[in-house]
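> Compute the structure for the input listed below.
(chains A, B, C and D)
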There are 2 protein chains.
Amino acid sequence: MQIPQYRQLYESLRHQIIAGIYQQDDLLPSENQLADLHQITRMTVRQALNELVKDGYIRKQKGKGSFVNLRRKTVGMLAFRDPQTGLVGNELLLQSKILGKPSIQSWDTPFFFPISEQEKQAGCIMAINLHSIDTSPLMLEYYYLPNINLPGFIMTPFVKESIMESLRISYHVEASGVEQEISATLATAQEAQFLQIPVGSPLVHVWRRYTTNRMGYYFYSSSFCYTKHYSLSSVIL
Amino acid sequence: MQIPQYRQLYESLRHQIIAGIYQQDDLLPSENQLADLHQITRMTVRQALNELVKDGYIRKQKGKGSFVNLRRKTVGMLAFRDPQTGLVGNELLLQSKILGKPSIQSWDTPFFFPISEQEKQAGCIMAINLHSIDTSPLMLEYYYLPNINLPGFIMTPFVKESIMESLRISYHVEASGVEQEISATLATAQEAQFLQIPVGSPLVHVWRRYTTNRMGYYFYSSSFCYTKHYSLSSVIL
DNA sequence: GAGTGGTCTAGACCACCTG
DNA sequence: AGGTGGTCTAGACCACTCG
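Numbers count the residues shown, from 1 in each chain, chains lettered A, B, ... in the order given. Below is the predicted model:
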């Protein structure tokens, strides 16, 4: 078996929800109906539906059924949101841009997160990403990648001007979880310059440590967010 | 059946993990062993273990087993953390205190979140909670509770000087999810006074909308966090 | 009363990991 | 080779919802 049956059903339903075939608060077929329809047992259907619940696509109610939920949880990532229009994340025209050339250097000591000996030996690829909406910068991100098994990273062109996308597409490294440390700071000269704001503006500072699909490989980021016009939103179940 | 068997096993294992009987990275008994031990089927054991995975108490690895994970995800809540010692949440001696008397008032207009007609009619219970570590204040929280089905709330003594605890113990209202909006601000005179910090200090400002186990009942909070010495941490899978 | 999701049983085969 | 977790089957009874 290549792809598990519950996964296929999950993807099928997920696709229909995203495509709008099932809409907000629509009632999905019952578990027994789905089981008959796909010629699988109800337990397998339940596994697919429970994954959809976990990922926020549907909600279940005993005695009634499974309903579509379009408000999805943002998995660890904070997404920008316009409090005026209510627009979130991808609905906004977010632009991403790599600043300068990524460089290989030694780790800052002390680094915010504890670094293993192997990571220290390997050195650190540092890259800077600036996210804007229209022409106004919102978030300045410093990425720190242990230089392990990423051949040619600093020479390879970036995908969609995004470090996360490049890791995913070019090296099949995907973030599977995030640990975040959040604080408030005042903009220094450098942050003020990149974000085109006055020195001393309040910024949300987020340190992140990403776990990945590559066992034992972590990477890190330090982000400065200007939240005067757009706040950071996250929905968690 | 009162309490499901998988829930009993979940609580039993969870208790043993918290109590330190199973420690970080310890190997739990295998699914088959747990099934034999508790005279239940493996599928029921798996449901218990999967809940533990979901709540971050253990991790599973195919071919090896289930391992204890003490780094738990903080469900929606941001927990304070001391970057020096690495202490998180309850390990720190966090003190909670209700400031003044809660009052029933009308909702601020406009309120940060959209308010339903029913919530507007009912009015709003406002209460202020201050969280400190030792004697230094860390977080100032304004709670906004729709005055629906909370008889005697403003007269009832609080449980552990905490609004969330009081809702849970006295009214069986429990938060099941959170939507957060995060921004950075500068401390006003009022925040500076409560938090005993200079006016103009950078603060993390968090607006929250809680979903609860009571269908259709939401409550809200607005928190100001002083992050100079302790950052806000959250781990999300 | 009929249908729904929640819980549970007693098996089975598989891919993965370790000795 | 033997044990582990991942997937799956074909049933069952229950509490809840609604007409």
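> Where does chain A get nearest to DNA strand D, residue-wise?
A:Gly63 (2.5 Å; C-beta to the nearest atom of the strand). All C-beta spots, glycine's among them, are computed from the backbone N, C-alpha and C.
> how near is that residue to A:Leu13?
21 Å (C-beta to C-beta, to the nearest Å).
> Name the residue in those two with the higher neighbour count.
A:Leu13 (24 against 4; other C-beta atoms under 10 Å in any protein chain shown).
> Could you list every helix and strand in contact with the helix or strand the more buried one falls within?
Using DSSP states H and E, the element containing A:Leu13 is helix A:5-18. Under the contact criterion of 3 or more C-beta pairs under 8 Å, 6 or more residues apart in numbering or on different chains; DSSP states H and E, helix A:5-18 touches helix A:31-38, helix A:42-54.
> Need those in JSON lines (columns: distance to chain B).
As requested, the helices and strands packed on helix A:5-18 are arranged in JSON lines below (distance: least, C-beta to the nearest C-beta, whole Å):
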{"stretch": "helix A:31-38", "distance to chain B": "16"}
{"stretch": "helix A:42-54", "distance to chain B": "7"}
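> how about TSV for those, with mean pLDDT, mean neighbour count and distance to A:Ile133 added?
Shown next, in TSV, are those (pLDDT from 0 to 100; neighbours: other C-beta atoms under 10 Å in any protein chain shown; distance: least, C-beta to C-beta, whole Å):
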stretch	mean pLDDT	mean neighbour count	distance to A:Ile133
helix A:31-38	92	15	40
helix A:42-54	91	18	30
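> Can you check which of those helices gets nearest to DNA strand C?
helix A:31-38 (3.6 Å).
> Now that closest one - C-alpha only, CSV.
Once non-C-alpha atoms are left out, helix A:31-38 reads as follows in CSV (Å, rounded to 0.1, in the frame of the first residue of the first chain):
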residue,chain,number,x,y,z
GLU,A,31,-19.5,8.2,8.5
ASN,A,32,-21.5,5.2,7.4
GLN,A,33,-22.3,6.8,4.1
LEU,A,34,-18.6,7.6,3.5
ALA,A,35,-17.7,4.1,4.4
ASP,A,36,-20.2,2.6,1.9
LEU,A,37,-19.2,5.1,-0.7
HIS,A,38,-15.5,4.3,-0.6
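> at contact distance from DNA strand C, anything in that helix?
Yes: applying C-beta under 7 Å from any atom of the strand, one finds helix A:31-38 touching DNA strand C at A:31-33.
> Tell me the one among these nearest to B:Val204.
The nearest member of the residues of helix A:31-38 next to DNA strand C to B:Val204, counting by C-beta to C-beta, is A:Glu31 at 42.9 Å.
> And A:Thr212, its phi and psi?
Here is the backbone geometry of A:Thr212 (degrees, to the nearest 10): phi -130, psi 170.
> That one and A:Tyr220 touch, don't they?
No: counting by C-beta atoms under 8 Å, A:Thr212 stays clear of A:Tyr220, with 11.4 Å between them.
> For those two, work out which one has more neighbours and name it.
Taking neighbours as other C-beta under 10 Å, A:Thr212 and A:Tyr220 compare with A:Tyr220 leading, 22 against 18.
> With adjacent residues omitted, what lies nearest to that one?
A:Tyr144 (4.2 Å; C-beta to C-beta, 6 or more residues apart in numbering or on different chains).
> Close to DNA strand C: what parts of chain A are there?
A:1, A:28, A:30-33, A:42-43, A:46, A:60-66.
> What residue spans form the domains of chain A?
A:5-68, A:79-233 (automatic domain parsing).
> So for B:Leu138, which of those domains sits nearest?
Closest to B:Leu138 of these is domain A:79-233 (C-beta to C-beta; 11.6 Å).
> Which residue is the nearest non-sequential neighbour of A:Lys228?
Closest to A:Lys228 by C-beta to C-beta, 6+ apart is A:Ser201, at 7.3 Å.
> now do A:His131
A:Met139 (4.4 Å).
> Could you list every helix and strand in contact with the helix or strand that that neighbour is a member of?
Assigned by DSSP H and E, A:Met139 falls within strand A:136-146. Judged by 3+ C-beta pairs under 8 Å, 6+ apart, strand A:136-146 is in contact with helix A:117-122, strand A:124-133, helix A:163-171, helix A:189-195, strand A:218-225.
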